[in-house]
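Novice: Task: produce atomic coordinates for the following.
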Amino acid sequence: MSSDVTPKIDPTPDSEKQDLKDRINKAVTTQKRPTVTVLSSLLSIEDEMGYIPAEAISIVAEYNNSTINEVWGVASFYPNFRFEPPSENTVEVCWGPSCHLVGATDVIKSVLDELELDGEGDTPDKMATFKFNTCLGACPQAPVMSINHRMYGKVSAKQAKTYISALREDVKGAHK
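Specialist: Purely as a prediction, here's the structure:
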């Protein structure tokens, strides 16, 4: 029996590595900043990919005429850089003074419980990354949380749990 459907051929590990290197090179070489530095190169890569792959360190070093140690020193200095691919979703809860004063602690506890996490980080299933945020810029709406950059204000612990449950259900539905 013949078929008109061409079988899908998965990319080889070598072609995936080349694609990764191409994306890193593009991020570094197409910066629109007037001064290109190690830091600006790392930021461009993270903007493009959501994290800094190990392969990026040597590419940034070569492009900026630096050593691998100098690039790694910059990359490891800033705690906001990721070195693993990000989770599918990002959940942030503000713990700045305004939010803290009106209940962010309970919201944080509720979110962490619902995500089954002890603190910042990725859920084991990579459904979400949880981050503390020092300011989401919505103090009059405190306490505030963000899911994939969508803001929720005057959030109670119960509402936060509901938002995370809904996120989990949306992810399950999208993966069916």
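
Novice: Can you name the residues in contact with the helix or strand bottoming out on mean pLDDT in the chain?
Specialist: Every helix and strand in the chain was compared by mean pLDDT, DSSP states H and E; the lowest is helix 13-29, with a mean of 86. With CB atoms under 8 Å, 6 or more residues apart in numbering as the test, helix 13-29 has contacts from 11, 36, 41, 44-45, 47-49, 53, 55-56, 59-60, 63. The way it works is simple: take the backbone N, C-alpha and C, and place the C-beta from them, glycine included.

Novice: Do a quick rundown of the helices in the chain.
Specialist: Counting by DSSP state H, the segments of the chain that form helices are 13-29, 38-49, 54-63, 68-77, 97-101, 104-115, 157-174.

Novice: Please produce JSON lines containing those helices, extended by mean neighbour count and distance to Pro85.
Specialist: Formatted as JSON lines, the helices of the chain follow (neighbours: other CB atoms under 10 Å; distance: least, CB to CB, whole Å):
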{"stretch": "helix 13-29", "mean neighbour count": "14", "distance to Pro85": "11"}
{"stretch": "helix 38-49", "mean neighbour count": "19", "distance to Pro85": "8"}
{"stretch": "helix 54-63", "mean neighbour count": "19", "distance to Pro85": "12"}
{"stretch": "helix 68-77", "mean neighbour count": "15", "distance to Pro85": "16"}
{"stretch": "helix 97-101", "mean neighbour count": "16", "distance to Pro85": "29"}
{"stretch": "helix 104-115", "mean neighbour count": "20", "distance to Pro85": "18"}
{"stretch": "helix 157-174", "mean neighbour count": "15", "distance to Pro85": "16"}
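
Novice: Would you mind checking which of the ones you listed scores lowest on average pLDDT?
Specialist: Out of those, helix 13-29 stands lowest, with a mean of 86 (criterion: mean pLDDT).

Novice: Just want the angle from that helix to helix 38-49.
Specialist: 130 degrees (axes from the mean of the first three to the mean of the last three CA atoms, to 10 degrees).

Novice: how far does helix 13-29 sit from the chain's center?
Specialist: How far helix 13-29 lies from its chain's middle: 19 Å, per CA atoms, centre = their mean, to the nearest Å.

Novice: Distance check, the residue nearest to Lys131 when sequence neighbours are not counted against Glu48.
Specialist: Nearest residue to Lys131 in three dimensions, chain neighbours excluded: Glu92, at 4.7 Å (CB to CB, 6 or more residues apart in numbering). Distance of Glu92 to Glu48, given as CB to CB, to the nearest Å: 21 Å.

Novice: same deal with Thr134?
Specialist: 25 Å.

Novice: do the same with Gly119
Specialist: To Glu48, Gly119 is 28 Å away according to CB to CB.
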